[in-house]
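**Q** the sequence and its predicted three-dimensional model are supplied below.
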Amino acid sequence: MTADAARDGRFVYILLTKDCFDLEKPLRITFNPVVEYYQSAGLDRVFFALADPTRRAILRALARHPATIGEIAKPFPVSFNAISKHVMVLERAGLLRREIKGREHHCRIVPLPLRDADAWLEHYRQFWEQRMDSLEAYVKRKFQASRRTTAHGKDH
């Protein structure tokens with residue numbers, strides 16, 4: 001694998017040659033630690049919140065309609081306090097907004113952090129699809145070349 005790295009202030013430039021991933025052209029990666037940290041802090045909270053099946057179920061319920069914490073807690077076999085803590089994690093991640101009306105806490109879903117997470121995942125989905133397409137093309141070329149070589153070998 002061939003990789004050359006150069007620092008320029010806050011940025012790190014890495015040039016990966018065709019030996020690394022893409023067999024057709026070089027790939028250039030730019031890493032900005034300041035931007036990466038800022039973006040990942042919000043994404044870290046979102047992915048942490050989504051990692052728990054109870055919190056995902058709460059979001060599914062809130063996607064249908066807003067609800068109080070008491071309404072959210074009804075279908076779950078855990079305490080009201082446990083659901084309240086799950087709601088706080090979702091709130092810190094920006095995935096829901098809580099509005100207090102008297103003694104009731106009304107919750108509704110906030111979709112923007114999910115869109116951000118989806119955009120992050122989409123970037124890597126495209127990245128790996130391109131790499132897999134390149135690998136598939138390479139394997140096909142090698143397979144066809146080996147079949148031609150084998151076919152020619154049988155003729156002689």
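**A** Happy to help now that I have it.
**Q** avg pLDDT for the host helix or strand of residue 113?
**A** According to DSSP states H and E, residue 113 maps onto helix 112-155. Helix 112-155 comes out with an average pLDDT of 86.
**Q** give me the distance between it and the centre of its chain.
**A** Mean-position distance between helix 112-155 and its chain equals 20 Å (C-alpha atoms, centre = their mean, to the nearest Å).
**Q** who are the packing partners of it?
**A** helix 33-50 (3 or more C-beta pairs under 8 Å, 6 or more residues apart in numbering; DSSP states H and E). (C-beta placed from N, C-alpha, C; glycine too.)
**Q** the helix it packs on: what's the following helix or strand?
**A** Scanning onward from helix 33-50 (DSSP H and E), the first element met is helix 53-64.
**Q** how is the chain carved up into domains?
**A** Here the domain parsing of the chain from automatic domain parsing is 1-31, 35-143.
**Q** roughly how far does the residue positioned nearest the centre of the chain sit from residue 56?
**A** Computing the C-alpha centroid of the chain and ranking residues by C-alpha atoms, centre = their mean puts residue 121 first, at 3.4 Å. Noted for residue 121: a distance of 15 Å to residue 56, by C-beta to C-beta, to the nearest Å.
**Q** could I get the domains of the chain in TSV, plus columns for distance to residue 152?
**A** What follows is the domains of the chain, written out as TSV (distance: least, C-beta to C-beta, whole Å):
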stretch	distance to residue 152
domain 1-31	24
domain 35-143	15
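**Q** would you single out the least confident of these?
**A** Minimum mean pLDDT among the domains of the chain: domain 1-31, a mean of 48.
**Q** how many other residues sit next to the residue nearest to residue 80 when sequence neighbours are not counted?
**A** Leaving aside its chain neighbours, residue 80 sits nearest to residue 73 (5.1 Å; criterion: C-beta to C-beta, 6 or more residues apart in numbering). Around residue 73 sit 19 other residues, with neighbours defined as other C-beta atoms under 10 Å.
**Q** repeat for residue 83
**A** The burial count for residue 83: 20, using other C-beta under 10 Å.
**Q** just the element for it, please.
**A** Going by DSSP H and E, residue 83 is part of helix 80-92.
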